[in-house]
Each structure stands twice: as C-alpha cells, then as structure tokens.
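Engineer: With the input below, show me the fold.
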Amino acid sequence: MDVIYVSWDKAIRMCYELAVKILNSNEEFDAIVTISRGGLIPARIVSDVLGIDEFYTIRSKYWGVYGRVYEEPRVSIHEVIDVKDKKVLIIDEVVDTGDTMSKIVDIVYKLGAKEIKVGVLHYKARSKYIPDYYVEKIEKWAWIFYPWSMSETLYGLAVKDSHGDVLDRVRRIIEELGVEVDYLGYENLVRSIEIYRSRYGEPV
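Structural biologist: Numbers count the residues shown, from 1 in each chain. Next comes the predicted model:
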C-alpha cells in the first residue's frame with residue numbers, strides 16, 4: 001500500500017497555499033463550511049486568510065478505523081447552518097472517492113446556498129467530484145497520512161500489517177515514513193495507540 005506522509009511543516013504550508021489560491025481567484029464568499037474532522041485545520045487557516053468568520057462544521061464519517069469504508073458517508077449536523085442565499089466555500093483535506101464531498105455539497109445546496117465552491121489540500125484523480133481549488137493532485141491512489149491524525153493513522157496502518165505486535169509495527173512505520181512524533185512524544189504515542197487497541201481491538 002502506498003502511503004504519503006505529510007509533515008506538520010508541509011501540511012501548514014499546503015493550507016496557506018490553498019488559501020492563497022482562493023485569495024488570488026478574487027472570488028468572495030459569505031461563509032465557510034468545513035467537513036469534520038479532517039478539514040478543520042485547513043478550514044481555520046483559510047478562514048483567517050480570507051477574513052471569513054462565518055464558519056460552520058458538518059461531521060462526516062466514511063473512512064473508519066483500519067481504513068474501513070462505510071457503505072455511504074455518515075453525515076451529522078450539530079448546529080444551525082445559515083447559508084440561505086449565500087456563496088459558500090466548502091473546505092476539506094482531501095477528496096478521495098468524491099462520495100463525501102458530493103453528499104455535503106448536496107446538503108449545503110438544500111440548506112439554501114446560492115453558490116458553492118470547494119477547496120482541498122489533495123485531490124485524488126479517481127474522485128468523481130472535482131474540487132474548484134486544490135494544492136496537489138494524486139494520480140495513483142495512496143493513503144495520505146496527515147499529522148493531525150497521527151495516532152489514528154499509525155494504528156490503522158499497523159493493524160493492516162500482519163507481521164509482529166501492533167507497537168512493533170508502529171515503530172517500523174514511524175521509521176520507514178520518517179514520522180515526526182516530537183510534539184506528542186513517543187511514550188505518549190504508545191499510550192495513545194494502546195487506547196486505540198482497547199477501544200477498537202484488532203481485526204482478525
């Protein structure tokens with residue numbers, strides 16, 4: 001399985017690159033809708049650069065722990081999203097299959113948005129949804145490892161590997177990908193991985 005590891009430094013630079021692309025488009029938006037949890041950090045940076053403080057969150061789950069895909073995106077909304085007659089910018093970290101983004105765009109239109117544009121860090125070529133703004137296009141499918149989901153991703157990658165104990169696999173993945181664990185610290189990462197193991201178990 002191909003894995004693209006994105007360090008914190010690169011991730012933040014990509015967020016600002018996305019924001020500048022949107023800024024340079026000279027389009028003006030009334031509100032930002034982000035897809036939680038992956039889109040939260042990119043969307044916050046974009047909202048800051050564009051000066052948009054009307055900011056809404058829609059929760060969507062499509063990829064579960066272990067990289068398992070649900071039959072369709074599971075969407076939930078926990079706040080009033082006031083986008084009627086507004087031009088809306090939807091931000092996420094990646095469009096993969098395009099299923100989640102298509103569903104979110106449909107929901108936001110049904111909430112009354114007059115126009116929607118979409119921005120992401122990574123656009124996978126296989127996606128059925130083509131974003132209006134993106135930083136990198138991925139031609140060959142790969143698992144993109146963002147730094148804000150370090151424990152979840154390391155655990156998901158480790159349980160897909162059948163060689164050795166989960167923690168041994170995590171150590172090997174860290175070494176192979178050059179994963180930066182300094183912010184959390186290795187001992188705390190181990191504790192976090194143990195939480196994942198106790199909460200989600202290990203698939204047979």
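
Engineer: now the helix or strand encompassing residue 102: mean pLDDT?
Structural biologist: Secondary structure assigned from DSSP states H and E places residue 102 in helix 99-110. Helix 99-110 carries an average pLDDT of 95.

Engineer: Give me the contacts around that helix.
Structural biologist: For helix 99-110, contacts defined as CB atoms under 8 Å, 6 or more residues apart in numbering pick out 33, 35, 58, 60, 62, 72-73, 75, 77, 81, 83, 88, 90, 92, 95, 116, 118, 120, 127-129, 131. C-beta here means a position set from N, CA and C on the backbone, and glycine is covered the same way.

Engineer: how does it look with 7 Å?
Structural biologist: 33, 35, 58, 60, 62, 72-73, 75, 83, 88, 90, 92, 95, 116, 118, 128-129 (CB atoms under 7 Å, 6 or more residues apart in numbering).

Engineer: which secondary element of this protein has the worst mean pLDDT?
Structural biologist: Least confident helix or strand, the chain: strand 69-76 with a mean of 69, by mean pLDDT, DSSP states H and E.

Engineer: Tell me the helix or strand right after that strand.
Structural biologist: Sequence-wise, the next helix or strand downstream of strand 69-76 (DSSP H and E) is strand 87-95.

Engineer: For that following strand, buried residues please.
Structural biologist: Going by neighbour count (16 or more other CB atoms under 10 Å), the buried part of strand 87-95 is 88-95.

Engineer: Tell me the buried residues in the helix or strand where residue 12 lies?
Structural biologist: According to DSSP H and E, residue 12 maps onto helix 8-24. For helix 8-24, burial by neighbour count (16+ other CB under 10 Å) applies to 10-11, 14-19, 22.
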